[in-house]
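Q: Task: produce atomic coordinates for the following.
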Amino acid sequence: MKSIALLISLFSISSLFSQENTDTVKVHSVRKAMILSAVVPGAGQVYNHIAMPKGKKRAHIKVPLIYAGLGASGYFLVTNQQTQKALKAEYQNRQDGNPTDPKWQAYDDDGVLTLYNQYLDRRDLSILALGAVYLFQIADAGVEAHFVRFDISTDLSASIKPIVFTGYHPGLMLTFNFR
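A: Next comes the predicted model:
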């Protein structure tokens, strides 16, 4: 009984004199940056920008580029989809014997069919471009989240110097300095 009381008093005394670490670094989540960027394009870049130290804050510059890429590929997707639908309707109307759109009168039936296939391919490429931009911005948010706390101080350096080995053989010496 005395030994248990002694152990409890030792633990309580040691906790009184122990120092707590109040300088904890807030953990930056790569997963959260990627999820934010998947839900709202560019949100992962903004999340990374907020967590970066003062000298490296440039992640928010990518957000207009992301929306420009998504907007351009979305515009081409809609335009190509509308054009291929109009060409399909024109071809079907020609098969029925009544062409309707004067825009396509310069083309014969094979020309309209060729244009239809061309705009169908362009539409498919626009879908791929939209998906590529979307996935690229998610990957960018994840990669950038890994480098939020990356040290870019002047203590890190690399240098190349010429050196002469024994026997008069020239060479290069590569030196890395880490702090």
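Q: from the chain's centre, how far out does the strand or helix carrying Leu65 sit?
A: Leu65 is located in helix 62-96, with elements delineated by DSSP states H and E. The chain centre lies 25 Å from the centre of helix 62-96; the measure is C-alpha atoms, centre = their mean, to the nearest Å.
Q: Same question for stretch 114-129.
A: Distance, centroid of stretch 114-129 to centroid of chain: 26 Å (C-alpha atoms, centre = their mean).
Q: Could you do stretch 85-104 as well?
A: The answer for stretch 85-104 is 43 Å, by C-alpha atoms, centre = their mean.
Q: so who does the most centrally placed residue in the chain touch?
A: The chain has Asp140 as the residue nearest its centroid, 2.1 Å off, counting by C-alpha atoms, centre = their mean. Contact analysis of Asp140 by C-beta atoms under 8 Å, 6 or more residues apart in numbering lists 37, 44-45, 62. C-beta here means a position set from N, CA and C on the backbone, and glycine is covered the same way.
Q: among those, who's most crowded?
A: Within those, most neighbours by other C-beta atoms under 10 Å means Gly44, with 30 neighbours.
Q: in which helix or strand would I find that one?
A: With DSSP H and E as criterion, Gly44 is part of helix 43-51.
Q: got it, and Val148?
A: Applying DSSP H and E, one finds Val148 in no helix or strand.
Q: I'd guessed it sits against Ile50; true?
A: No: using C-beta atoms under 8 Å, Val148 is not in contact with Ile50, being 9.6 Å away.
Q: When those two are compared, which one has more neighbours?
A: Val148 (19 against 12).
Q: Relative to Leu135, how far out is the more buried one?
A: Using C-beta to C-beta, to the nearest Å, Val148 is found at 21 Å from Leu135.
Q: elements contacting the helix holding Leu65?
A: Judged by 3 or more C-beta pairs under 8 Å, 6 or more residues apart in numbering; DSSP states H and E, the packing partners of helix 62-96 are helix 43-51, helix 109-146.
Q: check contacts around the closest residue to Ser29 other than its chain neighbours.
A: Spatially, and ignoring its direct neighbours in sequence, Ser29 is nearest to Ala145 (7.2 Å; C-beta to C-beta, 6 or more residues apart in numbering). Neighbouring residues of Ala145 by C-beta under 8 Å, 6+ apart: 28-30, 32-34, 44, 47-48.
Q: what do you get for Gly69?
A: 133, 137.
Q: Check it and give its pLDDT.
A: Per-residue confidence (pLDDT) for Gly69: 95.
Q: got it, and the one 10 residues further on?
A: In this prediction, Thr79 carries a pLDDT score of 97.
Q: How about Gln118?
A: 96.
Q: Ser159 pairs with what?
A: Thr175 (DSSP bridges).
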